[in-house]
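Just need the structure, nothing else, for what follows:
(one chain, ligands or ions: 1)
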Amino acid sequence: MTQGRFVSFEGIEGCGKTTQIGLLSEYLKQRSIPHLITREPGGTAVGEGIRKILLHSETLHLTAASELLLFYASRSQNILEKIKPALERKEMVICDRFYHASMAYQGFGRGIPLDFIHKLTDLVCDGFRPEVTMLLDIDPEVGLARARARNHTRIEDEGRFEKENLEFYTRVREGYLELASQDERIQLIYADRPVEAVHQHILTLLGLL
Ligand code: TYD
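Predicted coordinates:
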């Protein structure tokens, strides 16, 4: 039942999506359910190179348009090299962020018109859209505090987005909530709860319990 399914995880910084993806992957491994975990930006050699440009705190003067196009360049490679082949092998695909992140961050956050982002999504993702999106919702103040604390212990510098202010993250969060209110494939999950409770909620939504 899980084979060939495409699931994405979304939410602002510090919402716990990477932890939840790890737990889901463990659960699937224990049951020998074949799956692929990938992330955006990243997931491929080109994508990981783009990730460094997009997330490094020393990347300066990136225009909103450059940022958007780089995210979609990474996504295009991820679909061709990872997502499409895995779905063809009938594996479940779990993607740490997908096009909803571009709508929330570059659309609601940076102010790029959503109809332009829709067109890019049609061009790049046509036929490859998650059937379920887990939106982990958290108060931006709580999420940002978690993310900034974590970044002190990271080896790689991925701090460019964490330098944005609370207003930016509030716009992104509200954007995600608006997207969820318009699209029944987006599952809204309250994330300021114990990790295990969120994990069980996700398993239930996926029909795995
Ligand atoms: P991610 O690796 O998920 O970071 P974290 O684990 O800290 O949430 O995402 C990297 C950053 O890139 C994050 O700040 C969100 C941003 N982003 C966009 O702005 N647009 C996009 O399309 C994607 C995929 C990510």
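
Please report phi then psi for residue 137.
Backbone geometry at residue 137, expressed as degrees, to the nearest 10, gives phi -100, psi 130.

How about the contacts made by it?
Contacts for residue 137 (CB atoms under 8 Å, 6 or more residues apart in numbering) come out as 11, 15, 173, 176-177, 188-191. No exception for glycine: its C-beta is placed from N, CA and C like everyone else's.

for this protein, where's the lowest mean pLDDT among helices and strands?
Using mean pLDDT, DSSP states H and E, helix 140-151 stands out as the lowest-scoring helix or strand of the chain, at a mean of 90.

Buried residues, that one. List them.
Going by neighbour count (16 or more other CB atoms under 10 Å), the buried part of helix 140-151 is 140, 143-144, 146-147, 151.

Give me the phi and psi angles of residue 113.
Main-chain torsions, residue 113, degrees, to the nearest 10: phi -60, psi 130.

list the contacts for it?
By CB under 8 Å, 6+ apart, the contact list for residue 113 reads residue 107.

Kindly report the same for residue 13.
Per CB under 8 Å, 6+ apart, neighbours of residue 13: 143-144, 146-147, 161-162, 169.

Ok, residue 187 next?
When contacts are counted by CB under 8 Å, 6+ apart, residue 187 touches 132-135, 180, 205.
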